[in-house]
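Trainee: Here's my sequence, what's the structure:
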Amino acid sequence: MARKSRHPDIEFTAFVTEHRPSAVRYATFFTQSTELAKEIVSDAFITAWRDWSQKPSDARNEAWIIVIVRNQAFNTMRSERARSAREHRTGVAFLQSKSNEQSFSERVYLLQEVWGKLDDDACILLAMSYLEKKSDDEIARVLGISAAAVSMRLSRLRRQLKEDILQLESESAHG
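Mentor: Okay, the predicted model is just below:
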């Protein structure tokens, strides 16, 4: 059932105040740029405002905005990569990096590639655990599942991420 409120402006302002800091941290982790993250979060909250009246009343606010931020970040990063590829093809971009900066950049790229393949639930779990530093019990309360389920899912996700990163590293070394 969609939310019906007599004061949607007040509710939404409180929602933004409560969830903007965690949304910026999540987007910064994903983009590695605070400036870009703030733009993404602003766009995400515009989307949230547009969809506010349609949001199910039982939706968990933190999980809901993280999904919106994730989608906005993916769209932005795709656009940024396409722009970068166009610049590279036309010779506009010329970047000489130190080898340690390249390896960091490559690691960030690999992590973004692996992260992009995860479903929304997995991204939310990882964001709450590693970016928000929430305990399994806190995550369980937000998501409406048991702490044991949170722990088990995080363990599986860590294993999956490690395997996927190793596979991508292997492919990039041979490709």
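
Trainee: Excluding chain neighbours, what is closest to Glu106?
Mentor: What sits nearest to Glu106 in space, not counting adjacent residues and going by Cβ to Cβ, 6 or more residues apart in numbering, is Ser172, at 7.5 Å. In short, each C-beta sits where N, CA and C put it, glycine included.

Trainee: per-residue pLDDT, the one you found?
Mentor: Looking at Ser172, its pLDDT is 72.

Trainee: can you pull out the helices in this protein?
Mentor: Counting by DSSP state H, one finds helices in the chain at the ranges 8-31, 34-51, 61-89, 99-116, 120-126, 136-143, 147-174.

Trainee: any residues touching the first one, and which ones?
Mentor: Counting by Cβ atoms under 8 Å, 6 or more residues apart in numbering, helix 8-31 makes contact with 5, 34, 36-38, 40-41, 44-45, 48-49, 52-53, 61-62, 65-66, 69-70, 72-73, 76-77, 112, 115, 127, 130-132, all of which sit outside it.

Trainee: and the angle from that helix to helix 34-51?
Mentor: Computed by axes from the mean of the first three to the mean of the last three Cα atoms, to 10 degrees, the angle separating helix 8-31 from helix 34-51 equals 140 degrees.

Trainee: and helix 8-31, which residues are buried?
Mentor: Of the residues in helix 8-31, 12, 15, 19-20, 22-31 count as buried by neighbour count, 16 or more other Cβ atoms under 10 Å.

Trainee: and that helix, how far out from the chain's middle?
Mentor: Helix 8-31 has its average C-alpha position 13 Å from the chain's average C-alpha position, going by Cα atoms, centre = their mean, to the nearest Å.

Trainee: Quick one: mean pLDDT for it?
Mentor: Mean predicted lDDT for helix 8-31 stands at 89.

Trainee: Cheers, nothing more for now.
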